[in-house]
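Enquirer: give the three-dimensional model of this entry:
(one chain, ligands or ions: 1)
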Amino acid sequence: MQGLIFDIKRYAVHDGPGIRTTVFFKGCPLHCWWCHNPEGIRKETEEVVTVHKMEGKDYTVKETVGRWMSVDEVMREINKERIFMEESGGGVTFSGGEPLWQTEFLEDLLLACKREDFHTAVDTTGHTSRQNIRKIMDLTDLFLYDLKLMDDSKHVKYTGVSNRYILENLEFLAACDKRIYIRFPVIPTINDDEENINRTLRLLGSMAKAVEEVDLLPYHAMAAHKYEKFHMEYKMGGVPEPGEQEMEQLKERFEEAGFKVKIGG
Ligand code: SF4
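Expert: Numbers count the residues shown, from 1 in each chain. The predicted model follows:
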């Protein structure tokens, strides 16, 4: 079996504990306005052209984004960093895109990781069937679970899908005592309002035992230039990045509610 991967990042320190190798699956059922990995959204390889300027001249470079890889090929890459993972208490993180959009391939990779004794994390939107969650949950040591908006109509507007499966699957994983880090992107004017923060805190409070950490991820506009390259519309023009003070205040709110909080992953 093969899976479509768009990047493998070594020495990752923001995708779970320790030093990790993060494998990025290509394809995501969501289309978040603020996505900083637009190259991970389409579930197909893409030919893109980048223009580099050098000494007043333009040089165009064509590249294919996305590569079909076998489990063995991915495991060979992962094994290159085994020593750093072991010494740092790290492991492997499967991210994207949405790794659960290629559930069978993800399951095979998790099985291979478990056979080779790697700590495993899955960074997911949670927008998938319960059947898919069940397939991988016992092979996953840690879930990095994205939570964006509690209001369903806003969720549909800004991500393209309802949050129903996302919330139900989160509650299910918490009830199964899975280890969970919540990943909350902080996006001014979209999800940092009182109502969304209060509803998020209420939900997390109801599953506090399972939530080991909350990672507050400040929105940044650094990926804006990528949208043109991938022929996608960038809808975030005019949305400001959150300031340091806002991030600190939010951190305090979540800490006061009893959570361990990190700014960034
Ligand atoms: S869920 Fe993540 S990868 Fe998918 S569109 Fe949203 S931000 Fe991008």
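Enquirer: quick check on the residue nearest the centre of the chain: phi, psi?
Expert: Centroid-nearest residue in the chain, with Cα atoms, centre = their mean: residue 123, separated by 4.7 Å. Residue 123 has phi and psi values of phi -90, psi 110 when expressed as degrees, to the nearest 10.
Enquirer: so who does the residue in the stretch 151-265 of the chain positioned nearest to the ligand touch?
Expert: Relative to the ligand, the nearest point of the stretch 151-265 of the chain is residue 159 (6.1 Å; Cβ to the nearest ligand atom). Every residue, glycine included, has its C-beta placed from N, CA and C. Residue 159 makes contact with 30, 31, 32, 33, 148, 149, according to Cβ atoms under 8 Å, 6 or more residues apart in numbering.
Enquirer: ok, now residue 28?
Expert: 35, 40, 41, 43, 96, 97, 98, 101, 125.
Enquirer: change it to 10 Å
Expert: 35, 37-38, 40-43, 96-101, 125, 127, 159-161 (Cβ atoms under 10 Å, 6 or more residues apart in numbering).
Enquirer: going by neighbour count, list what's buried in stretch 244-260.
Expert: Neighbour-count burial for stretch 244-260, counted by 16 or more other Cβ atoms under 10 Å, picks out 246, 247, 250, 251, 253, 254, 257, 259.
Enquirer: please disregard the earlier target; I meant stretch 105-120.
Expert: Per 16+ other Cβ under 10 Å, stretch 105-120 contains these buried residues: 105, 106, 107, 108, 109, 110, 112, 113, 118, 119, 120.
Enquirer: among those, which are in strands?
Expert: residue 120 (DSSP state E).
Enquirer: in TSV: the buried residues of stretch 105-120, plus pLDDT and distance to residue 134.
Expert: Below are the buried residues of stretch 105-120 laid out as TSV (pLDDT from 0 to 100; distance: Cβ to Cβ, whole Å):
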residue	pLDDT	distance to residue 134
105	98	17
106	98	13
107	98	10
108	98	16
109	98	17
110	98	13
112	98	19
113	98	18
118	98	21
119	98	21
120	98	16
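Enquirer: quick one: which of the buried residues of stretch 105-120 is nearest the ligand?
Expert: residue 106 (14.7 Å).
Enquirer: for that closest one, which non-adjacent residue is spatially closest?
Expert: residue 99 (4.8 Å; Cβ to Cβ, 6 or more residues apart in numbering).
Enquirer: for the one you found, give me the pLDDT.
Expert: Note on residue 99: pLDDT of 98.
Enquirer: tell me the contacts of it?
Expert: 3, 5, 23-25, 27-28, 93, 105-107, 109-110, 122-125, 128, 136, 140.
Enquirer: same thing but at 6 Å, please
Expert: 25, 106, 122 (Cβ atoms under 6 Å, 6 or more residues apart in numbering).
Enquirer: in the helix or strand bottoming out on mean pLDDT in the chain, which residues are buried?
Expert: Taking mean pLDDT, DSSP states H and E as the measure, strand 46-54 is the helix or strand of the chain with the lowest mean score, a mean of 86. Within strand 46-54, the residues that count as buried by 16+ other Cβ under 10 Å are residue 46.
Enquirer: following element in sequence after that strand, please.
Expert: Downstream of strand 46-54, the next assigned helix or strand under DSSP states H and E is strand 57-65.
Enquirer: what residues does the stretch 51-200 of the chain put near the ligand?
Expert: 96, 97, 98, 125, 146 (Cβ under 6 Å from any ligand atom).
Enquirer: ok, now with 8 Å
Expert: Taking Cβ under 8 Å from any ligand atom as the test, the list of the stretch 51-200 of the chain residues beside the ligand reads 96, 97, 98, 125, 127, 146, 148, 159, 185.
Enquirer: so which of those residues sit within helices?
Expert: Among those, the ones falling in helices (DSSP state H) are residue 159.
Enquirer: now do the same contact list for the residue of the stretch 101-250 of the chain found nearest the ligand.
Expert: Nearest residue of the stretch 101-250 of the chain to the ligand: residue 125, at 4.4 Å (Cβ to the nearest ligand atom). The contact partners of residue 125, by Cβ under 6 Å, 6+ apart, come to 30, 98, 146.
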